[in-house]
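Novice: Provided below for reference: sequence and predicted model.
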Amino acid sequence: MHITSISGSPSERSRSAWLTQFALTRLEGVATRSEHITLRGLPAAALLGADTTDAAIAQAVDAVGAASLVIVGTPIYKAAYSGLLKVFLDLLPPDALRGKTVLPLATGGSTAHLLALDYALKPVLSALGARHVLDGVFATDAQLQRHEAGGYVPEPDLLARLDRALEPLLPAARMRIDAELSCRR
């Protein structure tokens, strides 16, 4: 399974970026290839100018096109996904997510932002052709406490919800891995 993750946070030390990376680690045995796009690392002028000929922008768009699973992580600001994510999603072709599985992840200060996944992010993913959208996972700041050594410590409930969201990917991946192993024998 080729996985591409997109981190839509403008912040260097971001809960949503950490959660996106953490979801990738939960799929390590499943991924045949994984790519991580940190949108804040893309050239701002090219991103804002919709310059899809820029090498970094073109590479990011191509990574989404090549993926079978796209993980989209974003902080929620004012009941919507980040503007940085919006700018990038606007660069994608109209059917960029057709035929792909998509996992939406979001973080916010409180559960008051929980519905932003359903009312803001999922509609734009659907507009890009996503038909197989896994259960979204929303985490509050309190569910991802800062760790003194860096990173965050997720609450057990958050881990359980993330694992439930990823569960549909695991049986198919296990069957594929088993088939590959039996072919090698």
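Specialist: All right, it came through fine.
Novice: please make it C-alpha for all contacts and neighbour counts, starting now.
Specialist: Will do.
Novice: could you find the closest non-adjacent residue to G73?
Specialist: Spatial nearest neighbour of G73, chain neighbours left out: L105 (4.6 Å); criterion: C-alpha to C-alpha, 6 or more residues apart in numbering.
Novice: show me where the protein dips below the pLDDT cut-off.
Specialist: 171-185 (pLDDT under 70).
Novice: show me the helices in it, by range?
Specialist: 15-26, 44-48, 55-66, 83-91, 116, 122-127, 156-166, 169-184 (DSSP state H).
Novice: CSV for the ones you listed, including distance to Y77 and mean neighbour count?
Specialist: Output for those, formatted as CSV (distance: least, C-alpha to C-alpha, whole Å; neighbours: other C-alpha atoms under 10 Å):
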stretch, distance to Y77, mean neighbour count
helix 15-26, 12, 21
helix 44-48, 19, 14
helix 55-66, 24, 18
helix 83-91, 9, 17
helix 116, 9, 21
helix 122-127, 15, 16
helix 156-166, 20, 15
helix 169-184, 29, 12
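Novice: closest to A149 out of the ones you listed?
Specialist: Set against A149 and scored by C-alpha to C-alpha, these come closest in helix 15-26, at 13.7 Å.
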